[in-house]
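> here's a sequence, model it:
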Amino acid sequence: MLINPFIYYLKKMLKQGYPTKHQRQATKRYCQYLELRDDAALIEEYCYWHKPEHRWPEIPEGIKAVGILDMEIYLTGNRLFMIVETPLDFDWDSAFGRLATLERQSEWENHMAQFQLVKPGQSSAEKWQLMERIFTL
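Numbering: from 1, shown residues only. Prediction:
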């Protein structure tokens with residue numbers, strides 16, 4: 001049985017961990033989740049569009065422009081988990097309201113919606129559900 005090279009790479013990375021960035025200021029973190037359509041080909045294509053060489057440059061530029069310092073998305077099965085790191089004075093609603101108006105953001109959201117279990121026309125802030133932290137060490 002052949003193992004999909006993409007799946008092999010993911011499994012290998014899970015056990016190696018991921019380096020983190022150290023910000024030069026105090027930060028706060030938001031955690032969110034979203035479900036993708038349960039279709040292996042669609043999930044693989046979703047991952048393709050999020051690789052640095054394939055994502056639209058306006059998307060990370062816009063994310064940074066609204067004050068987000070770092071953003072990571074993790075995948076397990078068809079579930080996504082996103083970590084957003086921001087300055088302490090970051091205002092979630094105003095930042096995401098502004099982000100929705102930036103170049104190509106709504107086009108990106110519409111393009112990504114084909115992979116996600118969401119309602120048509122939802123903004124990023126509507127699709128991604130904020131999570132409650134229940135444990136810290």
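
> now H54, what are its backbone angles?
Backbone torsions of H54, given as degrees, to the nearest 10, read phi -120, psi -20.

> the closest residue to it other than its chain neighbours sits in which helix or strand?
With sequence-adjacent residues excluded and distances taken as CB to CB, 6 or more residues apart in numbering, H54 is closest to Y48, at 5.7 Å. (Each C-beta comes from the backbone N, C-alpha and C, glycine too.) Per DSSP states H and E, Y48 falls inside helix 40-50.

> cool, and P60?
helix 58-65.

> packing partners of that helix?
Counting contacts by 3 or more CB pairs under 8 Å, 6 or more residues apart in numbering; DSSP states H and E, helix 58-65 packs against helix 92-99, helix 105-113.

> residues touching that helix, excluding its own?
Residues from elsewhere that reach helix 58-65 (CB atoms under 8 Å, 6 or more residues apart in numbering): M71, L99, L102, E103, R104, Q105, W108.

> repeat that for 10 Å
Helix 58-65 has contacts (CB atoms under 10 Å, 6 or more residues apart in numbering) with 49-50, 52, 56, 68-71, 84, 95, 98-105, 107-109, 112, 124.

> that concludes my questions; thank you for your assistance.
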